[in-house]
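Enquirer: I would like to see how this sequence folds:
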Amino acid sequence: MFKRIVSLLWLYYDLLPSFIKKLCKGGRHKNNILILNHHFDQDIQALHNANINTSIFIYELSAYRLNLIFRRFLRASKDEWYSFYNDNNIAKRERYVVFFSKFILPLFRILKIKLFATPSDLFPYLRDIIPILKKEGIITVVIDKEGTISPYYIDYYSKEIKEMYPFISDFMIVWSARQKKFWTKAGVDSDKIYICGQPRSDFWFKKNIHKILQLPGKLKNGRKTVLFFSFDKNAYIPESLYLSGKVTWDVLFQEAHDTFFNVANNFPNVNFIIKTHPQQRMSDVKYIKDRANKCSNIFVYEGANLSNSLIYNSDIIIGFQTTALIEAMMVNKPIIYIFWGTAVMWKDNLIPFHDSGALYVANSSQSLYSIVVDMINEKYNFSEDKTRILKQKEFVEEYMYQCNGESALRTLQTINDLINAY
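Expert: Residues are numbered from 1 along each chain as shown. Presented below is the predicted three-dimensional model:
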């Protein structure tokens, strides 16, 4: 019980700055919303930035804190989350619900929360409390941040969600029509889904972007910078297929990272950055850090709130299946796409970067090495590659709707309309 109370106090503490800010602003904001921050930093910041003349006030709730409390009851590690659905855990879940109702739900009442927003309602620690919020008259909205859904997931994962973890929130906000298609296949009523674009994409349209997205301090300024978005060895692969060994990125991961480190060792006067995924396996992150520590011009960055800054300040970008590549297209950066081995075999089930015409495709580790070296030596003139730049714009529009700097405002307006119509 002691650990649960400590976790609860931390959750209260995290809400304190927003509460003080609310007191200072007075009563102008009549629609109070609470957003669950699960690797959602940049989107939440974009919503704050757009929230100038609305009647909405935004509170943030730490997903880490709430999940920790949940796990104290379940007594499960993060990897055992979904034992939540085991019938043996019914009593534990009931105690968690009682704890939430006694110690966390009163916060919603004190703060006069009208709408609860979350990046997903699939999280086990939310499945039993969303119905409680509904009984309180609090609207629940999913602001889905996973907009780059692969073709395989549109078919496979939508069926799994529909059968095992059906949508239980009231409404959903998505980036694009592709995303809406996925969720309608997953059983969500089409009328409950609103297309608003990706909130964090608004950063690219700010006039003072060079001040907002400054280069992280430890890099050596005045040098070319090569940015590599690392990836999970099972990214966009169903867990069952990965565990069976039928489809994995293990070899691709190793060869791509080996190549990146080789180029870095041969170009000591160039900055090389590896951005790890916020949910990447800790063993892989440790491997990357250990190798990077042996080379003074390689820098490793973690977390969910640095991607835009790193993209903006990089000259060359490398990646595999990640939303970050689409975000990089918004600022017309030369992007190298890793595409060989198992990726070629599995290509029909992946986000189609490989045939978009928007990226430079490396079809082997040798090809990756050559393209990076040639770009460092300025043998590519991307700024004059008008066809490729046009293809980037088309790709962005398909996956992120109207990317015009107003996605966050559209999201807030939708939220406001839902509250007012409730």
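
Enquirer: and residue 34, which of the three is it?
Expert: Under DSSP: H, G, I helix; E, B strand; the rest coil, residue 34 falls in the strand class.

Enquirer: Now for it: which residues touch it?
Expert: Residue 34 makes contact with 59, 60, 61, 108, 111, 113, 115, 116, 117 under the criterion Cβ atoms under 8 Å, 6 or more residues apart in numbering. All C-beta spots, glycine's among them, are computed from the backbone N, C-alpha and C.

Enquirer: my guess is residue 365 meets residue 257, correct?
Expert: No: with contact defined as Cβ atoms under 8 Å, residue 365 does not count as touching residue 257 (9.9 Å).

Enquirer: what kind of secondary structure is residue 274 in?
Expert: Assigned by three-state DSSP, the conformation of residue 274 is strand.

Enquirer: Could you measure from it over to residue 329?
Expert: Going from residue 274 to residue 329 by Cβ to Cβ, to the nearest Å gives 20 Å.

Enquirer: circling back to that earlier point, most surrounded residue in the contacts of residue 34?
Expert: residue 116 (26 neighbours; other Cβ atoms under 10 Å).

Enquirer: Using the three-state scheme, assign that residue.
Expert: Criterion first, three-state DSSP; result for residue 116: strand.

Enquirer: Now for it: which residues touch it?
Expert: 33, 34, 35, 36, 108, 130, 133, 138, 139, 140, 141.

Enquirer: and the residue lying closest to the third one once chain neighbours are set aside, what does it touch?
Expert: Read that as residue 35. Leaving aside its sequence neighbours, residue 35 sits nearest to residue 117 (Cβ to Cβ, 6 or more residues apart in numbering; 4.6 Å). With contact set as Cβ under 8 Å, 6+ apart, residue 117 has these partners: 33, 34, 35, 36, 140, 141, 142, 143, 415.

Enquirer: bridging residues for the residue nearest to the first one when sequence neighbours are not counted?
Expert: This means residue 33. Spatially, and ignoring its direct neighbours in sequence, residue 33 is nearest to residue 115 (4.4 Å; Cβ to Cβ, 6+ apart). Counting by DSSP bridges, residue 115 forms beta bridges with residue 33, residue 139.

Enquirer: Against residue 39, how distant is residue 157?
Expert: On the measure of Cβ to Cβ, residue 157 and residue 39 end up 18 Å apart.

Enquirer: Surely residue 363 touches residue 338?
Expert: No: using Cβ under 8 Å, residue 363 is not in contact with residue 338; the gap is 9.2 Å.

Enquirer: If you count surrounding residues, which of the two has more?
Expert: residue 338 (30 against 16).

Enquirer: Surely that one and residue 369 touch.
Expert: No: in this structure residue 338 lies outside contact range of residue 369 using Cβ under 8 Å: 11.7 Å.

Enquirer: Overlap in contacts, these two.
Expert: Contacts common to residue 338 and residue 369, judged by Cβ under 8 Å, 6+ apart, are absent.
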